[in-house]
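**Q** Could you look at this predicted model? Sequence included:
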Amino acid sequence: GAVVSQHPSRVICKSGTSVKIECRSLDFQATTMFWYRQFPKQSLMLMATSNEGSKATYEQGVEKDKFLINHASLTLSTLTVTSAHPEDSSFYICSARDGSPRLSGAVGYGYTFGSGTRLTVV
Amino acid sequence: DAKTTQPPSMDCAEGRAANLPCNHSTISGNEYVYWYRQIHSQGPQYIIHGLKNNETNEMASLIITEDRKSSTLILPHATLRDTAVYYCIVRVSGGGSNYKLTFGKGTLLTVNP
């Protein structure tokens, strides 16, 4: 089935620095990718939707200048947390929607999630 | 998308069936019911989805009431590895490539030995 690889799985950075998280679709082309954030004991909160070759669409309350999203190819989207602060410490998860016709008959399979990135800002 | 209501937590004995309920009383005719689960510190995993008919796959069964206002996810023989947060999500099928999944609080299922 569809596989999404997310890297790194864990990262610790100093306050004020930037961190890049990569999300790759390994065996399919992902026309759309989603970025979520999850705080401890809370549900996933959608941050933004990115489409290959166009600007990302951010959810209300998410700072687009702080969370830079690039979706330059059909297999790679990146999330850069700029000028990170301790309150940005969280679990970041990407999801890819498979645009391949082979999955059109099973829509649920069209959303595959990465394994997540645990970001700690110190 | 229609809102869903799930119990915050449930317990189940290992080897027994786990029945997880979900209410979606405002579901529209073109909205599907999806179930995902999230094991601690991992990304969500797709389980099953359905529109109005009951569905079964290698992981679980999905029972949707005739009026579609509620559904039940059934794990027939729960194991310790099934301990996770289970999310019930309703959304339209297709709807364009930008269509997103919105997660509620889910049900924490704890399978006990």
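**A** Alright, I've got the coordinates.

**Q** contacts and neighbour counts: CA atoms only from here.
**A** OK.

**Q** can you pull the contacts of the closest residue to A:Cys13 other than its chain neighbours?
**A** The spatially closest residue to A:Cys13, leaving aside those adjacent along the chain, is A:Val121, at 5.0 Å (Cα to Cα, 6 or more residues apart in numbering or on different chains). By Cα atoms under 8 Å, 6 or more residues apart in numbering or on different chains, the contact set of A:Val121 is A:Ile12, A:Cys13, A:Lys14, A:Ser15, A:Ala84, A:His85, A:Pro86, A:Glu87, A:Asp88, A:Ser89.

**Q** what's the answer for B:Leu62, then?
**A** B:Ile48, B:His49, B:Gly50, B:Asn54, B:Glu55, B:Thr56, B:Ser71, B:Thr72, B:Leu73, B:Ile74.

**Q** Buried subset of these, written for PyMOL?
**A** In PyMOL, this line selects whichever of the contacts of B:Leu62 come out buried by 16 or more other Cα atoms under 10 Å in any protein chain shown:
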select buried, chain B and resi 48+49+50+56+71+72+73+74
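
**Q** mind putting the contacts of B:Leu62 in a markdown table, secondary structure included?
**A** Formatted as a markdown table, these follow (DSSP: H, G, I helix; E, B strand; the rest coil):
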| residue | secondary structure |
| --- | --- |
| B:Ile48 | strand |
| B:His49 | strand |
| B:Gly50 | strand |
| B:Asn54 | coil |
| B:Glu55 | strand |
| B:Thr56 | strand |
| B:Ser71 | strand |
| B:Thr72 | strand |
| B:Leu73 | strand |
| B:Ile74 | strand |
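
**Q** Distance from the chain centre to the helix or strand containing B:Thr110, please.
**A** Assigned by DSSP states H and E, B:Thr110 belongs to strand B:107-112. Relative to its chain's centre, strand B:107-112 lies at 13 Å (Cα atoms, centre = their mean, to the nearest Å).

**Q** Strands of chain B, start to end?
**A** B:9-13, B:18-23, B:31-38, B:45-50, B:55-56, B:61-64, B:70-75, B:84-92, B:107-112 (DSSP state E).

**Q** Give me the buried entries from the contacts of A:Val121.
**A** For the contacts of A:Val121, buried by 16+ other Cα under 10 Å: A:Cys13, A:Ser15, A:Ala84, A:His85, A:Asp88, A:Ser89.

**Q** mind putting those residues in CSV, secondary structure and pLDDT included?
**A** Output for the buried ones among the contacts of A:Val121, formatted as CSV (DSSP: H, G, I helix; E, B strand; the rest coil; pLDDT from 0 to 100):
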residue, secondary structure, pLDDT
A:Cys13, strand, 96
A:Ser15, coil, 97
A:Ala84, coil, 97
A:His85, coil, 97
A:Asp88, helix, 97
A:Ser89, coil, 97
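
**Q** of all of chain B, which residue lies closest to chain A?
**A** Closest residue of chain B to chain A, Cα to the nearest Cα: B:Gly43 (4.5 Å).

**Q** That residue contacts A:Thr117, doesn't it?
**A** No. Applying Cα atoms under 8 Å, one finds B:Gly43 not in contact with A:Thr117, separated by 9.3 Å.

**Q** Check the secondary structure at the residue of chain A found nearest chain B for me.
**A** Closest contact between chain A and chain B, by Cα to the nearest Cα, is at A:Ser115 (4.5 Å). Taken by three-state DSSP, the conformation at A:Ser115 corresponds to coil.

**Q** Tell me the spacing between it and B:Thr56.
**A** Per Cα to Cα, to the nearest Å, A:Ser115 is found 26 Å from B:Thr56.
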